[in-house]
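A.B. asks: build the 3D model from these lines:
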Amino acid sequence: MEFSVTALNEMEENLNSTLCSILKETRVQTVEDLNPTVLANKLNKNTLAKMVVDLAILMHNNISVCKSAAAKIDQLKSRVLVDQKTVIECQQKQLESVKTAVKTEIRSWSDIVRTNVSQAPSPTTEVIKNVVRNTVEQSDRNRSFIIYGAAEDEEKTPENILTDVLFDLNKQVDSVQRPKVVAVRRIGIQKQDASIARPIKVTLTNPDEVKSVLSRSNLLKKSPEEYFRKLYLAPDRTLEERREHQKLVCEVKRRIESEPEKYHYIKNKRVLSVDRTLSASDNNRGSE
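C.D. replies: Got it, this is the predicted structure:
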């Protein structure tokens, strides 16, 4: 018998049913009241033999489920080890990126010194700290995306919302592997107005997984459930990048009003317009 939650529930029901049958046949209230004398005096050989057979079958099935559960646990352990290895590799790549950035910054200071010794300032600890901080922040942003429009309530945690979003996206696309999630949390200060929901920041193990999720985010607008159609997924942008993107969004809205016969979209930090009669493949828009 294969291990599963259903198998465990069935096993529990069978055990309880058999136990109740034994207590009923021996006319006792609890298991503690059972003893060899009670069984010998209140049960005939045929009834006792049937109970032994039933218990033997239950034990056999229970052993099978336990073996299957042990195998599942080994698989989960192996999977956890693989995930840990992936996280460590990402951390190592991030560290190498920081080292490279620091070396590049220090090298630039060296070039200044060689070019103009009298005017060149020396590299400071603060400069190096800023380089490291900016590099780490950029690496974190590359591995993250933001969910906008998800209401804040006690029923659904950010983890629940992410699970629902990924499920809705994956059920619309065949054979898409669930990304490995590093962290999920609300960002910003919670408003007194409950209708204003804080965005949810999702961090994955690598930028490719983020690109994969964002490339399918437009499918939320096609979801049969209204809840998902209200959500919006976007890259994890800096404040300056968000301001620049908002300008592009305003430009798209302006063009929609002035040229309604065309399709307007954002690609590579530019607003582009195409004839609506062109196919999606011709548009090749890959909007941000």
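
A.B. asks: CA atoms for contacts and neighbours, from now on please.
C.D. replies: Will do.

A.B. asks: other SSEs contacting the top helix by length along the chain?
C.D. replies: Scanning the chain for the longest helix, with DSSP state H as the assignment, gives helix 45-115. Contacts of helix 45-115 with other secondary structure elements, assessed using 3 or more C-alpha pairs under 8 Å, 6 or more residues apart in numbering; DSSP states H and E, are made with helix 5-26, helix 125-142.

A.B. asks: mind doing that once more with 10 Å?
C.D. replies: The helices and strands touching helix 45-115, judged by 3 or more C-alpha pairs under 10 Å, 6 or more residues apart in numbering; DSSP states H and E, are helix 5-26, helix 36-42, helix 125-142.

A.B. asks: could I get the CA-only coordinates of the second one as CSV?
C.D. replies: Spelled out, that is helix 36-42. Output of helix 36-42 as CSV, limited to C-alpha atoms (Å, rounded to 0.1, in the frame of the first residue of the first chain):
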residue,chain,number,x,y,z
PRO,A,36,-6.6,-12.9,28.4
THR,A,37,-9.3,-14.0,30.8
VAL,A,38,-11.9,-11.7,29.3
LEU,A,39,-11.1,-12.9,25.8
ALA,A,40,-11.2,-16.6,26.8
ASN,A,41,-14.5,-16.3,28.7
LYS,A,42,-16.4,-14.0,26.3
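
A.B. asks: who's in contact with it?
C.D. replies: Applying C-alpha atoms under 10 Å, 6 or more residues apart in numbering, the contact partners of helix 36-42 are 22, 25-28, 45, 48.

A.B. asks: residue 49 is in contact with residue 22, correct?
C.D. replies: No - checked against C-alpha atoms under 10 Å, the pair residue 22 and residue 49 is beyond contact range at 11.9 Å.

A.B. asks: what about these two, which has more around it?
C.D. replies: Set side by side, residue 22 and residue 49 show unequal neighbour counts under other C-alpha atoms under 10 Å, the larger going to residue 22 at 19 against 12.

A.B. asks: got a pLDDT number for the more buried one?
C.D. replies: Among the per-residue scores, residue 22 shows a pLDDT of 86.

A.B. asks: do the one 3 residues further on as well
C.D. replies: What the model reports for residue 25 is a pLDDT of 85.
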